[in-house]
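# Dropping the sequence and predicted coords here.
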Amino acid sequence: MALQRIADFEPNYKEEIFAGDDIKGFDVYAGDSDEKVGTVYDALVDETGRFRYLVVDTGIWIFGKKVLLPIGSARFDYGAHRVYATGLRSKAQAEQLPAYNELEPVDYDREEQVRGVYRNQGTAASTAAASKATPASYDRSNYSYDMDRPLYETNEQNHQNLKLYEERLVANKQRAKTGEVAVGKRVETETARASVPIEKERVVIERVTPVEAGRVVSVGEADFQSGEVARMEVYEETADIHKEAYVREEVNVRKEVVRSTVDGEETLRREELDIQTDGTPVVDNKTI
């Protein structure tokens with residue numbers, strides 16, 4: 001069965017396999033040197049999901065050519081985003097490798113071409129394995145990747161990705177409705193009393209006996225007549241008690257924000273790297 005690109009086998013491979021990281025784009029260096037070959041273009045897995053090859057874009061050496069690097073011939077430095085191609089040591093070797101074309105399937109025949117180059121250029125271990133697994137001793141029906149363990153066996157010391165975790169105190173706030181205030185009006189009634197003093201006029205007619213009563217008046221002094229002889233207007237006050245509406249007070253409704261600080265306390269944990277050595281090895285412990 002032909003190999004698959006990692007994204008075709010597992011679309012969410014970044015989260016499922018690399019915990020959010022991605023080896024695509026890692027810089028590739030020849031052997032253990034600082035000679036840059038190119039970058040990781042892709043990765044190929046078999047039907048079980050095991051890594052078999054990295055697709056290396058050798059644009060630094062050979063423009064436009066992509067080649068396959070067996071996963072066992074690679075050493076990862078996740079912190080520096082680097083891959084050291086321990087099995088790819090020279091431009092001449094890259095020229096011997098067949099070019100990778102993502103439109104063509106990577107089948108058994110193509111893999112044999114790739115394996116042939118790495119066996120011839122490999123280390124003593126891979127050469128010894130190749131001597132046991134010669135093309136005459138197997139074919140596509142009985143070949144197993146275990147026959148070329150140096151090419152496909154991953155070394156956990158070279159491939160493990162160790163992450164150190166720490167806890168952080170996160171302070172957030174949420175806005176929740178705690179109630180509401182409704183302001184309305186109601187009408188209350190009461191009975192009010194008012195007193196208004198009023199005046200009325202009345203006409204008083206008094207008839208009295210004059211002092212000269214019985215005196216004889218002279219001729220012409222007496223004026224006998226009939227009809228109205230006097231007029232007097234009479235007034236009175238009436239009470240006008242009624243009600244009128246006035247503004248008693250104004251009410252302003254508004255909100256004010258009262259601020260306060262809420263303190264919280266938690267115990268935070270953090271992982272630190274504990275390096276134990278035996279003997280006098282040289283350990284380059286640096287943060288990138």
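Ah, there it is.
# Only C-alpha atoms from now on, for both contacts and neighbour counts.
Will do.
# what about the strands in this structure?
For the chain, applying DSSP state E gives strands covering 4-5, 27-30, 36-45, 51-57, 66-70, 74-77, 82-85.
# closest to A94 out of these?
Closest to A94 of these is strand 66-70 (CA to CA; 7.2 Å).
# List the neighbouring strands of the closest one plus their orientation.
The pairing partners recorded for strand 66-70 under DSSP bridges are strand 51-57 (antiparallel).
# average pLDDT across the strand it pairs with?
Averaging pLDDT along strand 51-57 yields 93.
# now it against strand 36-45, angle please.
Angle of strand 51-57 versus strand 36-45, following axes from the mean of the first three to the mean of the last three CA atoms, to 10 degrees, is 140 degrees.
# Would you mind listing the outside residues contacting strand 51-57?
Under the criterion CA atoms under 8 Å, 6 or more residues apart in numbering, residues 28, 37-46, 64-71, 100, 152 lie in contact with strand 51-57.
# Show me how far it is from its chain's centre.
Relative to the mean C-alpha coordinate of its chain, strand 51-57 is positioned 35 Å out (CA atoms, centre = their mean, to the nearest Å).
# Now, of the contacts of strand 51-57, which are buried?
Among these, the ones that count as buried by 16 or more other CA atoms under 10 Å are 28, 37-46, 65-71, 100, 152.
# Output the below-cut-off pLDDT ranges for this protein.
Where the chain drops to pLDDT under 70, the residues are 1, 19-20, 121-136, 155-165, 280-288.
# which stretches of it form helices?
Assigned by DSSP state H, the chain shows helices spanning 6-9, 13-16, 91-96, 108-121, 124-132, 149-152, 156-159.
# mind listing what's buried in the second one?
Of the residues in helix 13-16, those buried by neighbour count under the rule 16+ other CA under 10 Å are Y13, K14.
# Pull out the C-alpha coordinates of it and format them as CSV.
The C-alpha trace of helix 13-16 is given here as CSV (Å, rounded to 0.1, in the frame of the first residue of the first chain):
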residue,chain,number,x,y,z
TYR,A,13,-2.4,15.9,13.1
LYS,A,14,-1.0,19.1,14.7
GLU,A,15,-3.2,18.6,17.8
GLU,A,16,-3.4,14.9,17.8
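# can you list contacts of that helix?
I6, A7, G20, D21, D22.
# For the second one, give me its contacts.
The reference is to A7. Y13.
# re the thing from before, kindly present the strands of the chain as a markdown table, with separate columns for distance to E180.
Shown next, in a markdown table, are those (distance: least, CA to CA, whole Å):
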| stretch | distance to E180 |
| --- | --- |
| strand 4-5 | 60 |
| strand 27-30 | 61 |
| strand 36-45 | 60 |
| strand 51-57 | 62 |
| strand 66-70 | 68 |
| strand 74-77 | 60 |
| strand 82-85 | 60 |
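# so which of the ones you listed comes closest to G264?
G264 lies closest to strand 74-77 among the strands of the chain, at 39.7 Å (CA to CA).
# Who are the packing partners of that closest one?
When contacts are defined as 3 or more CA pairs under 8 Å, 6 or more residues apart in numbering; DSSP states H and E, strand 74-77 packs onto strand 82-85, helix 156-159.
# run the last query once more with 10 Å
Judged by 3 or more CA pairs under 10 Å, 6 or more residues apart in numbering; DSSP states H and E, strand 74-77 is in contact with strand 27-30, strand 82-85, helix 156-159.
# are any of the contacts of helix 13-16 buried, and which?
I6.
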